[in-house]
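[1] Show me how the following folds:
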Amino acid sequence: MTISDYNRDDDYIERVQEVMEILAKRADPSFEAAYNSIWSD
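    Sure thing, here's the model as predicted:
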């Protein structure tokens, strides 16, 4: 959400979300369920 406030390019936002997901899942795999619930709308 914060990224879209500063850069409204959909491709850029999607790429940042992908990086965030990779980092979250690698940093602590138990966080995967919480991360997935953020984007399950």
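
[2] Report the central residue of this structure.
    Residue closest to the average C-alpha location in the chain (CA atoms, centre = their mean): Gln17, at 3.1 Å.

[3] On the pLDDT front, check that residue for me.
    If you check Gln17, the pLDDT there is 82.

[4] give me the element it is part of.
    If you go by DSSP states H and E, Gln17 is part of helix 10-27.

[5] Same question for Arg8.
    Per DSSP H and E, there is no helix or strand for Arg8.

[6] ok, His7 touching Arg15?
    Not His; residue 7 is Asn. No: using CB atoms under 8 Å, Asn7 is not in contact with Arg15, being 10.4 Å away. C-beta coordinates here come from the backbone N, C-alpha and C atoms, glycine included.

[7] List the buried residues of the helix holding Gln17.
    Neighbour-count burial for helix 10-27 flags Ala24 (criterion: 16 or more other CB atoms under 10 Å).

[8] Repeat that for stretch 23-41.
    Neighbour counts over stretch 23-41 (16+ other CB under 10 Å) mark Ala24 as buried.
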